[in-house]
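A.B. asks: using only what follows, build the 3D model:
(chains A and B)
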There are 2 protein chains.
Amino acid sequence: MIRVAINGYGNLGRGVERAIAKNEDMDLVVIFTRRDPATLTTAGAPVAHLDDMPNWADKVDVCLNCGGSATDLSAQTPAATAYFDVVDSFDTHARIPEHFAAVDAAAREAGHLAVISAGWDPGLFSMLRVLGEAVLPDGASTTFWGPGVSQGHSDALRRIDGVADAKQYTRPVPATVEAVKAGEPVELTARTMHTRDCYVVAEPGADRSRIEAEIKAMPHYFADYDTTVTFVSAEELASRHAGIPHGGQVIRRGETSDGVAATIGFDLALGSNPEFTGSVLVAVARAVVAMAGRGERGARTVFDLTLADLSARSAEDLRAHYL
Amino acid sequence: MIRVAINGYGNLGRGVERAIAKNEDMDLVVIFTRRDPATLTTAGAPVAHLDDMPNWADKVDVCLNCGGSATDLSAQTPAATAYFDVVDSFDTHARIPEHFAAVDAAAREAGHLAVISAGWDPGLFSMLRVLGEAVLPDGASTTFWGPGVSQGHSDALRRIDGVADAKQYTRPVPATVEAVKAGEPVELTARTMHTRDCYVVAEPGADRSRIEAEIKAMPHYFADYDTTVTFVSAEELASRHAGIPHGGQVIRRGETSDGVAATIGFDLALGSNPEFTGSVLVAVARAVVAMAGRGERGARTVFDLTLADLSARSAEDLRAHYL
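C.D. replies: Have a look, this model is predicted:
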C-alpha cells in the first residue's frame, strides 16, 4: 500500500480524499491543516497540524499538496519536500519555471522527488498538447475550456458592489470547435472561442442594471466575451448551481503529408473539477513513488512520467491486455 | 539530426517517409528493401538491399521496421536490433508478449533498444486506455474504430469468388457512442458498436446476390454486424475510395466519487492511416534515440515513454510554454 498524506483540506483536498478511496493500492494516512485539527471532519483519516509534519516523515510515502497556487503552493511545496516526496497542482502558468526551479532546488537538497503542476490543465491537457505536436508537427493545437464553472471569474463577480453571490460558467462556442476540428478557416479570439454565463444573486435593493453593465464592461474577465447575466435567488443558486463541473478539449490538427490532414481530439467532461483534479494527483503520486524508488530526485512535471508508472498494473499485465 | 532508416517500403514505409519530411530534426538516410533496390522510386532517399544492413550499422541512429505483423515483423525486428535501435508497429495483439520477449532478448544481446507496437492501436489508443484507467480506476474503457477502411476486412471481401476488388468501411454506431459517453445503459456487442459498409467490384457475369449473401454470412468478419453491400464499378472504386482514411475513439467513463461521473474522450480522424501511423513511429523514434543515449537497452512499449522524450523541444521550453 502507498501511504499518502494530504496537505490542505479545501475543495481539492477533499477531492483527493475521495480519489484515494477509489484506488485500492492507496492508503490515506494523514491530512495536514494549518487550522485547528479538531475543527476538521474527514471521511475517517486522522488530522494533524502543519507544524507536526516532521513527525510524519517516515510514515508517509508521498504528500499531495492541495493549497492554492496564488498564495500557498509556492511556499508549501518546497517546504514539504524537506520531509516527503511531493505532488502539487501549481497552475499559475506564467510562474511555472520559477516554481519548478524553487522546488527542484529544495527537493535535491532534501533528497526527495516532486512532480509539480499536475491536474488537468496544467496536467492532462499539457500532456496532450505535447503529444499532439510530437505526432503532428506540421499543425496547430487549440484548447477550449468548459462547459464548466470558472472559480476565478465567479470570484470576480462576487467582488462587484451589490453582488451577494455568483457563479460563472465558461462555455466553448460549438461552431468554432467544429471549425477547428474540420480545419475550416476560423478566427480564434476570446469572443469567438468562449461565452461566459453569469448567475448572480443581487443584494436587496441593489441596482441590477448597474451590476449587469459593470460585469459586461469588466476588462479581461468579461468585456472581450459575449457575456450573459442572469439574476437568481440565493436558493436557486444553491439548488441548481451547487456543483463544480468543468471540462474542455485539446484539438491538434495537422497534415501528415501535403493536403492530407489528421485530427487528434482529447476531451474531458467532469462532474466535479476538484475530484477529477484530485484523481490525477493520486495517479501521479503512484508514479512519484515508483520513480523515487528508482532513485530519482529533484523536480519533475507530467512530461517526465511514463504510463507504466502512472498505472497500478504490472508491465506484463499492461503489455498483455492494454496494448 | 537524427539519422533514420526505413525497413520495408509498402504503405507504412511511405507513410514514415512523409512523416520524416515533416520533422526538422530527422534525416532519412536509407530505405531497406528485400526487393531489387533499383525497382524502388523514393522521394529522394537512397535504397539498399536488406542484406546490406550490416554496412549501415554506424550510419543510422534508429531503424523503423515497416513490414507487416503477420509475416515480417516477428523476424525483422529481432534481426534489425543486431545493428540498430529499432521501432516497429507490431499489431497482432494476442502475440505481443511473445514478440516483446523475442525482441527484448535480441536487443539486450546486441546492446540496443527497441520499442515495439507503436502506432495508434496499438499505440496512442493503448496509452489512453492506461491513462484513463489510472485516473479513473472505478470505471470502464470503450474503444470504437472508424469511420475508416479496414484492410483485413477489405482483404476478406477480395477472397470471395466473383469479387474483383473491394473496400470495407468500419463505422461506429453514433447512438452507442453517445450512450457510452453519457453513461447511459447500453449493450456493447459487435452489432451495437459498429456497422460495416462494403463497396464491391464484381467480376463480369458474377452472381451479385450470391456474393452479397456470402459476405453477410461470413463468420467473425460480417455475420455479427449490420453489413451493407454496394456494388460499384472499378472506376468508381478507384476514384471515390482511393484513400486509406481511418480513426476511432477511446472513451473512459468513471466515478470520482459515488454518483459523480467524469468522462475522458480521445478521438482520431485520419486522412491517411499509414501516414498517421508513420507519424507516431517517427515521434517514438525520437524517444528511442534519447533513451538509448541514456543507456537504456532491451525492449520497451509506448507505456515506457515520456512526453519529454517524444518531443523535439527542450524540457525548459516544454515547462515554460506547454504546461
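
A.B. asks: ok, A:P54 - contacts?
C.D. replies: Contacts for A:P54 were tallied using CB atoms under 8 Å, 6 or more residues apart in numbering or on different chains; they are A:82-83. No exception for glycine: its C-beta is placed from N, CA and C like everyone else's.

A.B. asks: and with 7 Å instead?
C.D. replies: Applying CB atoms under 7 Å, 6 or more residues apart in numbering or on different chains to A:P54 gives the contacts A:Y83.

A.B. asks: any idea of the pLDDT on it?
C.D. replies: A:P54 carries a pLDDT score of 97 in this model.

A.B. asks: what about it, distance to A:A79?
C.D. replies: A:P54 sits at a distance of 11 Å from A:A79 (criterion: CB to CB, to the nearest Å).

A.B. asks: ok, A:W56 next?
C.D. replies: Distance from A:W56 to A:A79, by CB to CB: 13 Å.

A.B. asks: same check, this time on A:S314
C.D. replies: Using CB to CB, A:S314 is found at 35 Å from A:A79.

A.B. asks: do A:R294 as well
C.D. replies: For A:R294, the distance to A:A79 - CB to CB - is 25 Å.

A.B. asks: between the two, who's got more neighbours?
C.D. replies: A:A79 (16 against 8; other CB atoms under 10 Å in any protein chain shown).

A.B. asks: can you tell me the SS state at the closest residue to that one other than its chain neighbours?
C.D. replies: Among residues not flanking A:A79 along the chain, A:A106 sits closest, at 7.6 Å (CB to CB, 6 or more residues apart in numbering or on different chains). When classified by DSSP: H, G, I helix; E, B strand; the rest coil, A:A106 comes out as helix.

A.B. asks: tell me, how many residues neighbour A:A106?
C.D. replies: The burial count assigned to A:A106 is 20, neighbours taken as other CB under 10 Å.

A.B. asks: quick one: it from A:D88, how far?
C.D. replies: Distance, A:A106 to A:D88, by CB to CB: 12 Å.

A.B. asks: who touches A:V47 in this structure?
C.D. replies: Taking CB under 7 Å, 6+ apart as the test, what A:V47 contacts is A:31, A:33, A:37, A:40.

A.B. asks: neighbour count added to these, as TSV?
C.D. replies: Shown next, in TSV, are the contacts of A:V47 (neighbours: other CB atoms under 10 Å in any protein chain shown):
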residue	neighbour count
A:I31	25
A:T33	20
A:P37	18
A:L40	14
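
A.B. asks: go through those residues and name the one nearest chain B.
C.D. replies: A:I31 (16.4 Å; CB to the nearest CB).

A.B. asks: wait, what's in contact with A:D91?
C.D. replies: A:69, A:117, A:119, A:122.

A.B. asks: among these, which ones lie close to chain B?
C.D. replies: Applying CB under 7 Å from any CB of the partner chain to those, one finds that A:117, A:122 fall near chain B.

A.B. asks: mind putting the contacts of A:D91 in CSV, pLDDT included?
C.D. replies: What follows is those, written out as CSV (pLDDT from 0 to 100):
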residue, pLDDT
A:S69, 74
A:S117, 97
A:G119, 97
A:P122, 96
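
A.B. asks: can I have the buried ones of the contacts of A:D91 as a PyMOL selection?
C.D. replies: Only the buried entries of these go into this PyMOL selection, using 16 or more other CB atoms under 10 Å in any protein chain shown:
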select buried, chain A and resi 69+117+119+122
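
A.B. asks: looking at the contacts of A:D91, spot the one nearest chain B.
C.D. replies: A:P122 (4.3 Å).

A.B. asks: and the closest residue to the closest one other than its chain neighbours, what's its pLDDT?
C.D. replies: Counting by CB to CB, 6+ apart, A:P122 lies nearest to B:L323, which is 4.3 Å off, once chain neighbours are set aside. pLDDT recorded at B:L323 is 94.

A.B. asks: quick one: is stretch A:235-249 near chain B?
C.D. replies: No. On the criterion CB under 7 Å from any CB, stretch A:235-249 is out of touch with chain B, staying 8.1 Å away.
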